[in-house]
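[1] sequence below, structure please.
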Amino acid sequence: MELKLAPSILSSDFFALGEDLNQVIEAGAEYIHVDVMDGLFVPNLSFGIPVLKSMRRHTDHFMDVHLMIDRPHRYVERFCDAGASLVSFHVEADQPQDIFSAIRTVKEKGKLVGLALKPRTPAEVVFPYLDELDLVLVMTVEPGFGGQKFMADMLPKIQTLREEIERRGLRCEIEVDGGIDAETAKLVKEAGANVLVAGSSVFGKPDRAAALEALRNA
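    Residues are numbered from 1 along each chain as shown. Predicted structure coming up:
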């Protein structure tokens with residue numbers, strides 16, 4: 001599948017967020033990754049609907065919204081309305097009936113939908129939902145904070161998902177988030193991922209175009 005890069009604004013300079021967004025969009029980033037944290041599902045707070053609405057007023061770029069929140073079925077519709085292009089949420093954060101309900105809500109809003117997995121959650125947990133998904137997000141760090149070390153033991157999980165997706169003949173993308181740089185990007189691409197979330201390895205570099213190019217060519 002086509003490789004897509006998704007710089008995470010969690011690592012951007014919030015004082016210069018508009019400028020940072022413009023730089024990575026002009027440099028060819030396919031997605032903008034928006035990490036939403038509630039301080040409950042993960043031990044950190046980030047930003048939410050008002051920030052997404054503000055960004056959407058100034059760009060029509062693809063907004064990849066990752067909800068690290070408790071009981072996400074309560075909020076997916078509002079994030080769709082705020083400007084998300086894709087909404088992914090954690091399989092560990094809700095009951096199965098509410099996960100299915102949230103998936104339907106996002107699709108009824110005409111948006112793409114994904115499920116995310118914490119590192120300790122096996123790939124097989126998303127199999128019951130796989131036919132309904134546009135994307136599976138594999139966390140390669142513990143969710144909640146940026147700048148963590150890449151967990152190489154997640155590579156077999158990516159491979160398992162890719163094999164199952166291909167076995168079913170689906171067009172579901174695999175996204176990875178956590179510790180992605182030019183070195184680890186090569187590993188996750190070889191394992192079967194095609195959407196790479198990168199925070200500090202993009203926004204932490206003065207030349208964002210060169211940083212994205214390094215990931216693309218890894």
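
[2] please enumerate the helices of this structure.
    Secondary structure of the chain (DSSP state H): helices located at 17-26, 49-58, 76-82, 96-108, 155-168, 182-191, 200-203, 208-216.

[3] comparing the ones you listed, which comes out most buried?
    For those, average neighbour numbers computed from mean count of other CB atoms under 10 Å are highest in helix 200-203, which has a mean of 23. Backbone N, C-alpha and C define where each C-beta goes, glycine included.

[4] how distant is that helix from the center of its chain?
    Using CA atoms, centre = their mean, to the nearest Å, the distance from the centre of helix 200-203 to the centre of the chain it belongs to is 15 Å.

[5] stretch 198-210 too?
    The chain centre lies 17 Å from the centre of stretch 198-210; the measure is CA atoms, centre = their mean.

[6] stretch 127-134 too?
    With CA atoms, centre = their mean, you get 16 Å for stretch 127-134.

[7] residues in contact with it?
    Under the contact criterion CB atoms under 8 Å, 6 or more residues apart in numbering, stretch 127-134 has outside partners 86, 91, 96, 99-100, 103, 107, 112-115, 126, 136, 164-165, 168, 170-173.

[8] hmm, try it at 6 Å
    Contacts to stretch 127-134, defined as CB atoms under 6 Å, 6 or more residues apart in numbering, come from residues 103, 112-115, 172.

[9] stretch 20-36 too?
    For stretch 20-36, the external contacting residues (CB under 6 Å, 6+ apart) are 4-8, 10, 12-13, 46, 48, 61-67, 197, 208-209, 212.

[10] follow-up on the earlier one: okay if I get the helices of the chain as JSON lines plus mean pLDDT and distance to Asp38?
    Output for the helices of the chain, formatted as JSON lines (pLDDT from 0 to 100; distance: least, CB to CB, whole Å):
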{"stretch": "helix 17-26", "mean pLDDT": "96", "distance to Asp38": "20"}
{"stretch": "helix 49-58", "mean pLDDT": "96", "distance to Asp38": "12"}
{"stretch": "helix 76-82", "mean pLDDT": "98", "distance to Asp38": "12"}
{"stretch": "helix 96-108", "mean pLDDT": "98", "distance to Asp38": "15"}
{"stretch": "helix 155-168", "mean pLDDT": "98", "distance to Asp38": "25"}
{"stretch": "helix 182-191", "mean pLDDT": "96", "distance to Asp38": "27"}
{"stretch": "helix 200-203", "mean pLDDT": "94", "distance to Asp38": "22"}
{"stretch": "helix 208-216", "mean pLDDT": "96", "distance to Asp38": "29"}
